[in-house]
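Chemist: 3D model of this:
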Amino acid sequence: MKDTGHFEVSKLNPLTENPNSAVLCNTHDYYEVSLLVGESTVQFAGQVLQLKKQALVFSSPNTPQKWEHKNSVRHGYSCIFNKALFYQHGDIAKYSVFRPEGNHVFELTDQQVNLLNKVYEQMLEDNESEYPGKNESIRLCVSELIHFALRMAPTTIGAGQPISAPQRIFAVFMELIEVQFPTDYSYNSIRLRSPKEFAERLNVHVRHLNKVVKKVADKTTSQLINERTMQEAKMLLSQTNWTVAKIAFVLGFAEANHFSVSFKKHVQLTPLKFREAGAEFSPMTNLVNQF
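Modeler: Residues are numbered from 1 along each chain as shown. So this is what the prediction gives:
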């Protein structure tokens, strides 16, 4: 049976409370295209991009972003969708606006904002209707937003010197590692563990990712993943009373003994010896151990 996909569109109301609030965009399996009007900054791939007035912004599972809204007159539209919306219409992840090395923020003129307002209003109207062909109409509207931006490329908002494609891929790779932590809940394990899994999320071949990481950091992809994982392991061993098996699970290890071997190789102590060597439980331990 054909999956018609998931789609939501909404009008963004002006922000009148906490005007300097920060928002982490972590869409997991969803893609997002937003029309934002107002002063903001976005942290992405090692850069801080300044939005002075208005922009069209793309985000995806491959491009974690953090927005900080600077004033109280921000408004616009946002739509989110998954890959199934484009079933039999190509791979949405291949568009450069959704790839880590591509442009994701496009500054707009007032005239361009007026044009895009109409596209979003059409999606709002279609989404609330009983029109049998509304999914196709919505897909065409999303495609129009994508190709509108592609025609503008490489125009983006930036600060400082632009970074190269390998540097941007590396920065997004490191962000994808970091957004998995801290691991607060014992029933939720991290989702990405292997270089291949990270490469698939970044929509690049694993050999290319390994080459990029080696060039930028002079370390292997596995080294960087393991270093951050072991850092988290040491925190959990010192600040919680979780069992080694539970820690192994939340850190994505299939077996507790695999975790113990990896930990000893990295730290030169077994997990239990590390804990016995002086780990003290923090005031947050009881709260964390409720889960």
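Chemist: hey, let's count contacts and neighbours off CA atoms from now on
Modeler: OK.
Chemist: For the chain, which residues score under the pLDDT cut-off?
Modeler: Within the chain, the segments meeting pLDDT under 70 span 1-4, 14-28, 43-48, 62-74, 153-163, 182-189, 278-291.
Chemist: quick one: the helices in it?
Modeler: Here the chain has its helices, by DSSP state H, at 110-127, 134-152, 165-178, 195-202, 206-217, 221-239, 244-250, 256-267, 271-276, 285-288.
Chemist: Can you add distance to His89 and give those helices back as TSV?
Modeler: Formatted as TSV, these follow (distance: least, CA to CA, whole Å):
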stretch	distance to His89
helix 110-127	18
helix 134-152	9
helix 165-178	26
helix 195-202	20
helix 206-217	25
helix 221-239	33
helix 244-250	37
helix 256-267	42
helix 271-276	49
helix 285-288	45
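Chemist: possible to save those as TSV with mean neighbour count and distance to Asp91?
Modeler: Listed next are the helices of the chain as TSV, based on neighbours: other CA atoms under 10 Å; distance: least, CA to CA, whole Å:
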stretch	mean neighbour count	distance to Asp91
helix 110-127	16	21
helix 134-152	17	12
helix 165-178	20	19
helix 195-202	20	13
helix 206-217	17	18
helix 221-239	18	26
helix 244-250	19	31
helix 256-267	16	36
helix 271-276	16	43
helix 285-288	14	40
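Chemist: of all those helices, which lies closest to Gly76?
Modeler: helix 110-127 (8.1 Å; CA to CA).
Chemist: Return the list of helices and strands in contact with that closest one.
Modeler: strand 7-12, helix 134-152 (3 or more CA pairs under 8 Å, 6 or more residues apart in numbering; DSSP states H and E).
Chemist: run the last query once more with 10 Å
Modeler: The contact analysis (3 or more CA pairs under 10 Å, 6 or more residues apart in numbering; DSSP states H and E) places helix 110-127 against strand 7-12, strand 31-37, strand 54-59, strand 75-81, helix 134-152.
Chemist: Relative to Ile80, which of the helices of the chain is closest?
Modeler: So among those, helix 134-152 is nearest, using CA to CA, at 9.7 Å.
Chemist: Restricting to C-alpha, output the closest one in CSV.
Modeler: Extracted in CSV, the C-alpha atoms of helix 134-152 (Å, rounded to 0.1, in the frame of the first residue of the first chain):
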residue,chain,number,x,y,z
LYS,A,134,-4.5,17.8,-2.2
ASN,A,135,-1.4,15.6,-1.5
GLU,A,136,-0.2,16.2,-5.1
SER,A,137,-1.0,19.9,-4.8
ILE,A,138,0.9,20.2,-1.5
ARG,A,139,3.9,18.2,-3.0
LEU,A,140,4.0,20.7,-5.9
CYS,A,141,4.0,23.6,-3.5
VAL,A,142,6.9,22.1,-1.5
SER,A,143,8.8,21.5,-4.7
GLU,A,144,8.1,25.2,-5.7
LEU,A,145,9.8,26.3,-2.4
ILE,A,146,12.8,24.0,-3.0
HIS,A,147,13.3,25.2,-6.6
PHE,A,148,12.7,28.8,-5.6
ALA,A,149,15.7,28.5,-3.3
LEU,A,150,17.8,26.5,-5.8
ARG,A,151,17.4,29.2,-8.4
MET,A,152,18.8,31.7,-5.8
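Chemist: measure Phe170 to Gln223 for me?
Modeler: Phe170 sits 14 Å away from Gln223 when distances are taken as CA to CA, to the nearest Å.
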